[in-house]
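Colleague: This is a predicted model, with the sequence first.
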Amino acid sequence: RFCAREPLSCATSANISLTVNPTLETIAAVKVDTTPADTVPDRAGQNVRVRGVVTSIDFRGGAGIEYYIQDTTGGIDVFHSSTSFGPFTIGDNIDVTGQLVQFNGLTEITAASITTLPGGTLPPVSPQTVTLSAINESLEGKLIRVDGLTIAPGTFAGDTNYSISDGSPGTMRVAADTNIPGTNAPTTTFSLIGLVGQFDNSNPFDSGYQIIPRSTADIIPLTSPTGVGSANPPSVRPGGSSLLTVTVTPGQNPPSTGITVVANLSSIGLSASQAFFDDGSNGDVAPFDNIFSYNATVDSGTALGPKTLSVQIADAQARNSATSINLNIQSPSAPPTPTGLVATPGNAQVGLSWNTSVGASGYNVKRSTVNGGPYSIIANDIAPTSYNDTSVTNGVTYYYVVSALSGANESGNSNQASATPTAPPPSG
C-alpha cells in the first residue's frame, strides 16, 4: 500500500505472490516420526528439500519417475506420476524439492523440481547387510543386502512378489522395468541387494516391506571354489618329477576362506590324499596367490600311460568342487616332450611350429575343437617341426598339441596352442 502525504491521496498496490523454498534437510529429518505407533511421518503434506545419491533405476518407466535416493541418514522414494525428471543413473547426486507424502505405507517425495549436483557432492552409498527379520521402518527406502536366502524355483515375472527366506520370511518384488523378468530364480542359496519398499494399506503401516532388486546383478547365487589343474612337464618318465598345480577361483557369496586342495596321487605311487600348498613351499612359486602346488616325484614302478589325478577343492564355508590333473608317464626310451608349440591363423589354414625334441624320429600332430581336448591325430609321424593344417573352417577355434616319437615310443603332449582361421577383409 502506497500513500501520498495527504490522507485522502492513497492508492492500493497489486497483490504480490512470494514463494519460499524449503530449507535443505537430511532425509532422516524430513521423515521424522514422533508418534512411531502409526509409522506416518509428522511432516506428511509439507514441502521439503533433500539431497541424495541415486540408488535405483527408474522403477516407473514411461511417463513419470520413481527413483530411490539415500544420504548418510536414510533413504526415500522420489516419485512423480507424469513429469519425467532426469534420466538419472545409479550414483548420481541430486537435489530434490517436493511434497512429502505416504502411499500405502511408503514415504515418498512427490517431486516438484530436481537438480543434478556435481559428482562427489555426497559420499557414495553401499548396501547395508541385514537379515530379513531386521527389516522395518528404519530401513525403508535404503539400499540393503541379505545373505543366505532361498526361493522356490521358477521363472521371474514382472511386478510380482516372491517369498524368500533366510530362516525368517521375507518378500522380494520383481519390478517390470528391470531386466529380471524372464530369468530363472536361483536354485542354490543366494544373496539379494535391493531397495526396501513397502506396500501396506492399513494403519499402522508397519508391514508389507519388500526388497526390490534393480537388475539380475543384484541376485547373487552362492558359488563354490573351483580350480583348473595342470602338470609341468605334462609327461615324465617313472622316477621323474612334475610340478602339479591347481589354479583356484575362490567361491563367492561369501568369499572363500581357508581353501584346501587335496589330490589322489596313488596312480603314480604317491599319497591318495596329498595336500597342495600355497605358501611358497613344495614347489609353490608365489605364496597366497590361489595357485596351489605340489612337486611330485613319480614312483619308479609306475605303469606307463596317461594318468588322471583327481583333486578335491574345499573352503571353510563347507563348499567344495572337483577337478583333475592329467599327467602322462612315458617310457624312458621316449624322446622329451616337444616345447614351444605356436599356432598361427590364416585364411582357411593354421600354421604350426615347435622346438625339436632331441632323439625324436617324428612327431604326431593332434587337434581338437574343445579347449583341453580330447585330441585326434591329424598328422602321423611327420619329420619336420612344422605343419600347415588346411582342413579347417574360418571362424572356428582349433586347439593343437604335438607329441614326439622314437620308434614305438611316444612322448607326452606338448603345450596346447590355439588359433582361429579368418578370411581376409574385402578389398577396397
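Modeller: That came through fine.
Colleague: from here on, contacts and neighbour counts on C-alpha atoms
Modeller: Noted.
Colleague: buried set for stretch 79-90?
Modeller: Phe79, His80, Ser84, Phe85, Phe88, Ile90 (16 or more other CA atoms under 10 Å).
Colleague: From the residues you listed, pick the one nearest Thr160.
Modeller: Distance to Thr160, by CA to CA, is smallest for Phe79 among the buried residues of stretch 79-90, at 20.0 Å.
Colleague: Show the average pLDDT along stretch 341-356.
Modeller: Throughout stretch 341-356, pLDDT has a mean value of 98.
Colleague: start to end distance for that stretch?
Modeller: Between the opening and closing residues of stretch 341-356 there is a gap of 10 Å (CA to CA, to the nearest Å).
Colleague: what comes into contact with that stretch?
Modeller: 338-340, 385-394, 400-402, 414-424 (CA atoms under 8 Å, 6 or more residues apart in numbering).
Colleague: Mind doing that once more with 6 Å?
Modeller: Residues outside stretch 341-356 that contact it (CA atoms under 6 Å, 6 or more residues apart in numbering): 339-340, 385-390, 392-394, 417-423.
Colleague: Now do the helices in the stretch 201-350 of the chain.
Modeller: Using DSSP state H, counting those that start in this stretch, the stretch 201-350 of the chain contains no helices.
Colleague: ok, back up a step: JSON lines please, covering the buried residues of stretch 79-90 and showing pLDDT and distance to Ile259.
Modeller: Conversion of those to JSON lines gives the following (pLDDT from 0 to 100; distance: CA to CA, whole Å):
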{"residue": "Phe79", "pLDDT": "97", "distance to Ile259": "47"}
{"residue": "His80", "pLDDT": "97", "distance to Ile259": "50"}
{"residue": "Ser84", "pLDDT": "93", "distance to Ile259": "50"}
{"residue": "Phe85", "pLDDT": "95", "distance to Ile259": "49"}
{"residue": "Phe88", "pLDDT": "97", "distance to Ile259": "42"}
{"residue": "Ile90", "pLDDT": "98", "distance to Ile259": "35"}
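Colleague: Next, give me the two most distant ones among the residues you listed.
Modeller: Among these, the pair separated by the greatest distance (CA to CA) is His80 and Ile90, which sit 18.1 Å apart.
Colleague: Quick one: buried ones out of the contacts of stretch 341-356?
Modeller: Judged by 16+ other CA under 10 Å, buried ones among the contacts of stretch 341-356: Thr339, Thr385, Ser386, Tyr387, Asp389, Thr393, Ala417, Ser418, Ala419, Thr420, Pro421, Thr422.
Colleague: Would you mind giving those as TSV with secondary structure added?
Modeller: Listed next are these as TSV, based on DSSP: H, G, I helix; E, B strand; the rest coil:
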residue	secondary structure
Thr339	coil
Thr385	coil
Ser386	strand
Tyr387	strand
Asp389	strand
Thr393	coil
Ala417	strand
Ser418	strand
Ala419	strand
Thr420	coil
Pro421	coil
Thr422	coil
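Colleague: that older thread, so which of the buried residues of stretch 79-90 sit within strands?
Modeller: Secondary structure defined by DSSP state E assigns Phe79, His80 of the buried residues of stretch 79-90 to strands.
Colleague: Which residues are in contact with the closest residue to Pro345 other than its chain neighbours?
Modeller: Sequence neighbours aside, Pro421 is the residue nearest to Pro345 in space, at 4.7 Å (criterion: CA to CA, 6 or more residues apart in numbering). The neighbours of Pro421, taking CA under 6 Å, 6+ apart as the test, are Pro345, Gly346, Asn347, Ala348, Gln349, Asn394, Gly395.
Colleague: Tell me where the model's unsure across the chain.
Modeller: The chain contains residues with pLDDT under 70 at 1-20, 428.
Colleague: please redo it, this time with the cut-off set to 80
Modeller: Along the chain, segments meeting pLDDT under 80 span 1-20, 36-38, 427-428.
Colleague: Wait, Ser113 touches Thr97, no?
Modeller: Yes - at 5.3 Å, Ser113 and Thr97 qualify as touching, with contact defined as CA atoms under 6 Å.
Colleague: gap between Ser368 and Leu270?
Modeller: Taking CA to CA, one finds Ser368 at 31 Å from Leu270.
Colleague: brain fart, Phe292
Modeller: As judged by CA to CA, Phe292 and Leu270 stand 17 Å apart.
Colleague: Of those two, give the one with the bigger neighbour count.
Modeller: Phe292 (30 against 16; other CA atoms under 10 Å).
Colleague: can you pull up the bridge partners for the more buried one?
Modeller: Val246 (DSSP bridges).
Colleague: try the one 5 residues further on
Modeller: Assessed by DSSP bridges, Thr297 has beta-bridge partners Ser241.
Colleague: Okay, and the beta partners of the closest residue to Val261 other than its chain neighbours?
Modeller: Computed as CA to CA, 6+ apart, the closest residue to Val261 that is not its neighbour in sequence is Ile313, at 4.7 Å. Beta-bridge pairing for Ile313 (DSSP bridges): Val261, Ser321.
Colleague: Could you check how far Ile313 is from Ser168?
Modeller: 31 Å.
Colleague: These two: which is more packed in?
Modeller: Legend: neighbour count by other CA under 10 Å for Ile313 and Ser168, higher for Ile313 (21 against 11).
Colleague: Identify the residues contacting the more buried one.
Modeller: Ile313 touches Thr260, Val261, Asn320, Ser321, Ala322, counting by CA under 6 Å, 6+ apart.
Colleague: and the gap between the second one and Tyr68?
Modeller: Right, the one you point to is Val261. In terms of CA to CA, Val261 sits 45 Å off from Tyr68.
Colleague: May I see the buried ones among the contacts of stretch 341-356 arranged in TSV, with distance to Ile151 as well?
Modeller: Formatted as TSV, those follow (distance: CA to CA, whole Å):
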residue	distance to Ile151
Thr339	51
Thr385	58
Ser386	56
Tyr387	55
Asp389	51
Thr393	45
Ala417	44
Ser418	42
Ala419	43
Thr420	42
Pro421	46
Thr422	46
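Colleague: Tell me the one among these nearest to Arg145.
Modeller: Ser418 (42.2 Å).
Colleague: Quickly list what the closest residue to the closest one other than its chain neighbours is bridged to.
Modeller: Distances taken as CA to CA, 6+ apart put Tyr399 closest to Ser418, at 4.4 Å, once the chain neighbours are dropped. Applying DSSP bridges to Tyr399 gives these bridge partners: Ser368, Ser418.
Colleague: OK, contacts around Tyr399?
Modeller: Tyr399 neighbours (CA under 6 Å, 6+ apart): Arg367, Ser368, Thr369, Ala417, Ser418.
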